[in-house]
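**Student:** Dropping the sequence and predicted coords here.
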Amino acid sequence: MKTDALCAMRYAKNKESKTIMLSKILPALRGVLAENNALPRLIKTEPTGDETVISITPGCEDVLAEIKQQLPAPINPVTIEGYGTYTAIFSDDTTGRVAGKIAIVTGAAQGFGYEIACSLAREGAWVALADINEEGVKQAAAKINSELKSDTAVGVVVNVADKKSLNSAVEMVVGIFGGIDLFVSNAGVLRAGSVKTLSERDLDFVTNVNYKGYFLSVQAAAPIMALQNQAAPQIWSDIIQVNSKSGLVGSNKNGAYAGSKFGGIGLTQSFAMELVEDGIKVNSICPGNFYDGPLWADPEKGLFKQYLDSGKVPGAKTFDDVKAFYESKVPMRRGCTTPDVMKAVFYLMEQAYETGQAVPVTGGQVMLS
Ligand SMILES: NC(=O)c1ccc[n+]([C@@H]2O[C@H](COP(=O)([O-])OP(=O)(O)OC[C@H]3O[C@@H](n4cnc5c(N)ncnc54)[C@H](O)[C@@H]3O)[C@@H](O)[C@H]2O)c1
């Protein structure tokens, strides 16, 4: 191999291991700098020469111990040798329900994910919108920043079905904000079809995003949250999966989707048991049909069009006929909206004594026994 190529490889590897180390250092530092049960956002700032300087051994296994040893009291800002200077910022928002929290929402370029990210930002959170749709997610984050006249939101590219992509997205978010308090695993896809005919390709597609994607998301985010909790055990984090009513009852000719969502609830319950020791609550929300989102309403590809074209709803001649058919199955006779879902999000975050639950938001369509 040529020397230049070798140097480039070494440089890339060094950069990668520095990013990985930083995603351990910053969450631990956040925890050490916690004040009044709140974790700060860490912002990279220009050094002024007055900072406390700490040095972390490359590859160090117990980053928190090294920080605590060199920083016995919370001092701000801090220069981490070789990584830069970081200033802790506490939110001055006194009314927002999630003021000062750092959230990642996957699948946030559109639909539920985008609206959840907007709602979190409006309630005072710093939000990373993560999506496979690069242009869409950057535009979505820019829209939030323009509405709130701030730099509250960032757009990050991720494929939740790919471990490496998820890890880099999470590392990038930690580099920008300093840690994670809430991970909303929302990215999801649907390929409806009979078990008699659905292709293996479609089955893999749905399973990889909805089931494996949720598993990998938790695998990437939980260690960050655990480090924060190790440093500040009084402060817990939340993982919330946007599941579906199809995770609670079967869905006719939609087995791949329903199976992936049922599986998601198995993961939620299992992760909840395991991650209690790291101060992480893990819950799912199971919304009913969200007719206003693009999944249903997109005029070209949406489910209204697909169901109308395929004759799935007997006698339906318009999108409204299809909608009326599905609404008639709901005791409250309407679809689910993002404000309905947000009430469950805030409940799960504010409720300190619950984990491993699947909360239905279905207008009574699905009732727990
Ligand atoms: N729309 C509904 O009626 C409904 C009802 C109940 C539950 N849900 C669930 O809510 C979640 C969001 O649904 P929606 O209706 O907003 O869907 P949507 O299709 O409008 O948006 C999904 C987003 O996920 C992104 N995405 C897809 N694959 C991805 C991947 N591999 N990595 C990262 N991002 C990816 C897409 O680019 C898109 O921006 C899903 O988990 C879905 O199962 C939806």
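**Tutor:** Thanks, I have it.

**Student:** what's the span of stretch 315-322 from first residue to last?
**Tutor:** 9 Å (C-alpha to C-alpha, to the nearest Å).

**Student:** the strands in the stretch 51-200 of the chain, which residues?
**Tutor:** All strands of the stretch 51-200 of the chain, identified by DSSP state E, counting those that start in this stretch, fall at 52-54, 78-80, 84-89, 102-106, 126-131, 153-157, 182-185.

**Student:** Quick check: residues of the stretch 1-150 of the chain near the ligand?
**Tutor:** 106-107, 109-113, 131-133 (C-beta under 6 Å from any ligand atom). All C-beta spots, glycine's among them, are computed from the backbone N, C-alpha and C.

**Student:** quick revisit: could you dump the strands of the stretch 51-200 of the chain to a markdown table with mean pLDDT and mean neighbour count?
**Tutor:** Shown next, in a markdown table, are the strands of the stretch 51-200 of the chain (pLDDT from 0 to 100; neighbours: other C-beta atoms under 10 Å):
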| stretch | mean pLDDT | mean neighbour count |
| --- | --- | --- |
| strand 52-54 | 93 | 15 |
| strand 78-80 | 95 | 21 |
| strand 84-89 | 95 | 18 |
| strand 102-106 | 98 | 30 |
| strand 126-131 | 98 | 30 |
| strand 153-157 | 98 | 22 |
| strand 182-185 | 99 | 27 |
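
**Student:** of the ones you listed, which approaches residue 266 most closely?
**Tutor:** strand 182-185 (14.0 Å; C-beta to C-beta).

**Student:** of all the residues in the stretch 201-350 of the chain, which ones are close to the ligand?
**Tutor:** By C-beta under 6 Å from any ligand atom, the residues of the stretch 201-350 of the chain that approach the ligand are 209, 213, 242, 244, 287, 289-290, 293-296.

**Student:** In strands, which of these appear?
**Tutor:** If you go by DSSP state E, those have 242, 287 in strands.

**Student:** Now for the closest residue to residue 263 other than its chain neighbours, how many residues are close by?
**Tutor:** In space, and not counting its chain neighbours, residue 263 is closest to residue 211: 4.6 Å by C-beta to C-beta, 6 or more residues apart in numbering. Using other C-beta atoms under 10 Å, residue 211 is surrounded by 21 other residues.

**Student:** Tell me if I am right that residue 211 is in a helix.
**Tutor:** Yes. Assessed with DSSP: H, G, I helix; E, B strand; the rest coil, residue 211 lies in a helix.

**Student:** list the contacts for it?
**Tutor:** For residue 211, the contacting residues are 260, 263-264, 267, by C-beta atoms under 8 Å, 6 or more residues apart in numbering.

**Student:** Any idea which helix or strand in the protein has the lowest mean pLDDT?
**Tutor:** The helix or strand of the chain with the poorest confidence is helix 3-32; it has a mean of 82 (mean pLDDT, DSSP states H and E).

**Student:** What residues of the helix or strand following that one count as buried?
**Tutor:** Downstream of helix 3-32, the next assigned helix or strand under DSSP states H and E is strand 41-45. Buried residues in strand 41-45, defined by neighbour count with 16 or more other C-beta atoms under 10 Å: 41-42.

**Student:** same deal with stretch 312-322?
**Tutor:** The neighbour-count criterion (16+ other C-beta under 10 Å) identifies 313, 316, 319, 322 as the buried residues of stretch 312-322.

**Student:** Closest one of those residues to the ligand?
**Tutor:** The ligand has its nearest neighbour among those in residue 322, at 12.8 Å by C-beta to the nearest ligand atom.

**Student:** so who does the closest one touch?
**Tutor:** Counted by C-beta under 8 Å, 6+ apart, residue 322 has contacts 303-304, 307-308, 313, 316.

**Student:** On the pLDDT front, check it for me.
**Tutor:** We note a pLDDT of 96 for residue 322 in this prediction.

**Student:** Can you classify it by secondary structure?
**Tutor:** Quick answer, by three-state DSSP: residue 322 is helix.

**Student:** Distance check, it against residue 106.
**Tutor:** Distance from residue 322 to residue 106, counting by C-beta to C-beta, to the nearest Å: 28 Å.

**Student:** who does whatever helix or strand residue 264 lives in touch, helix- and strand-wise?
**Tutor:** Assigned by DSSP H and E, residue 264 belongs to helix 255-275. Here helix 255-275 touches helix 200-206, helix 213-231, strand 237-242, strand 280-287, going by 3 or more C-beta pairs under 8 Å, 6 or more residues apart in numbering; DSSP states H and E.
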